[in-house]
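*Asks:* Coordinates only, no sequence provided:
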Ligand SMILES: [Fe+2]
Ligand SMILES: [Fe+2]
């Protein structure tokens, strides 16, 4: 995924309009759209003014926050793009090995988010069960992608395992630190990684689709996507109602199509995590309500400094 200078400039000028769209190959299939942009948090006063039809005014803190978001996004895009270039060079002709490396790395941020959230919870600093549930379900989904790649032989060479595992350790440490300092930045970084995963699988099934249709699906994929209990499969897809996506797995093409669509769902969930107060488990009662009604709004966590500050003032 190359990032041109003009793209960096356009992101810096307006990061909220960047979007990646993908068309599907199968007819009668729901269109998957990945949007990897998010607006800055609205000032509550401005939200009120929007509702009353008055033009919202930007305070100096809004402007500062907007620039911080631009900086965070630019750093994330630079970092992901650099790693992707290295992986593209190493794995340009070995698809399953590349997918194995990607999937080993892909699970890491969800472990990192959960580690930090567990620490906050243990110290009584911040508690939100929905975040833990959703992130675990995301790591469960990525683990099954990894198992599929292993069944396809992607981990056969020691060097690929060595590289993937060592990148994973470095990525874990980086994500824990980033998430503690700025959850918004860490979620955006993960969104960039998921967006890359989506486009990687999208290109692969477009290039190899006919061949993949002739090959059998790995057993682990059939069990995961069509097995009895799909609670965790529904849980990570926070923009969908439970039971709304039930894949059919008849061949290897179906497997890669659904892995790609999973990546799109991860993108949407990571995007939701960057919106304040908007992440709900799809199984929670108020998950898809326009107006939360009597739901008590819970305070957002803005990182470890915010947590310590709140614990001292409470
Ligand atoms: Fe994945
Ligand atoms: Fe992923």
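*Replies:* Yep, it's here. Being a predicted model, the structure only gives us computed values, none of them experimental. Numbers count the residues shown, from 1 in each chain. Ligands and ions are numbered 1, 2, ... in the order given.

*Asks:* from here on, contacts and neighbour counts on C-alpha atoms
*Replies:* Will do.

*Asks:* need the helices for this structure, in chain order.
*Replies:* All helices of the chain, identified by DSSP state H, fall at 5-13, 44-51, 60-90, 95-106, 108-122, 129-151, 158-181, 183-213, 219-226, 231-235, 252-274, 304-313.

*Asks:* quick check: mean pLDDT across the first one?
*Replies:* In this model, helix 5-13 has an average pLDDT of 42.

*Asks:* do the same with the second one
*Replies:* Mean pLDDT, helix 44-51: 46.

*Asks:* do the fifth one as well
*Replies:* Confidence for helix 108-122, expressed as mean pLDDT, is 94.

*Asks:* Can you list the buried residues in stretch 70-84?
*Replies:* For stretch 70-84, the neighbour count (16 or more other Cα atoms under 10 Å) marks 70, 72, 73, 74, 76, 77, 80, 81, 84 as buried.

*Asks:* and whichever residue of the stretch 201-314 of the chain sits closest to ligand 2, what does it touch?
*Replies:* Closest residue of the stretch 201-314 of the chain to ligand 2, Cα to the ion: residue 263 (4.7 Å). For residue 263, the contacting residues are 194, 195, 197, 198, by Cα atoms under 8 Å, 6 or more residues apart in numbering.

*Asks:* Leaving out sequence neighbours, find the closest residue to the third one.
*Replies:* Okay, so that is residue 197. residue 263 (6.4 Å; Cα to Cα, 6 or more residues apart in numbering).

*Asks:* The one you found and residue 214, how far apart?
*Replies:* Relative to residue 214, residue 263 is positioned 24 Å away (Cα to Cα, to the nearest Å).

*Asks:* Check residue 200 too.
*Replies:* In terms of Cα to Cα, residue 200 sits 21 Å off from residue 214.

*Asks:* nearest to residue 148, of the buried residues of stretch 70-84?
*Replies:* residue 84 (21.4 Å; Cα to Cα).

*Asks:* So for the closest one, what's the pLDDT?
*Replies:* The model's pLDDT for residue 84 equals 90.

*Asks:* Then residue 93?
*Replies:* For residue 93, pLDDT reads 90.

*Asks:* number of nearby residues for it?
*Replies:* Counted with other Cα atoms under 10 Å, the neighbours of residue 93 add up to 10.

*Asks:* What residues does this protein have near ligand 2?
*Replies:* Within reach of ligand 2 by Cα under 5 Å from the ion, the chain has these residues: 194, 263.

*Asks:* Show me where the chain dips below the pLDDT cut-off.
*Replies:* Applying pLDDT under 70 to the chain flags the ranges 1-57, 277-278, 287-301, 305-306, 309-314.

*Asks:* can you rerun that using 80?
*Replies:* 1-62, 276-278, 285-314 (pLDDT under 80).

*Asks:* related to what we said a few turns ago, residue 200 and residue 214: who's more crowded?
*Replies:* Regarding residue 200 and residue 214, a neighbour count based on other Cα under 10 Å identifies residue 200 as having more, with 17 against 12.

*Asks:* Next, work out how far apart that one and residue 259 are.
*Replies:* 11 Å.

*Asks:* closest one to residue 246 among the helices of the chain?
*Replies:* Across the helices of the chain, closest to residue 246 is helix 219-226 (Cα to Cα), at 7.4 Å.

*Asks:* Nearest spatial neighbour of residue 237, chain-adjacent residues omitted?
*Replies:* Per Cα to Cα, 6+ apart, closest to residue 237 is residue 265, 5.5 Å.

*Asks:* Who are the contact partners of residue 116?
*Replies:* 176, 179, 180.

*Asks:* pretty sure the second one contacts residue 303?
*Replies:* When you say that, I think you mean residue 179. Yes: with contact defined as Cα atoms under 8 Å, residue 179 reaches residue 303; the gap is 6.8 Å.
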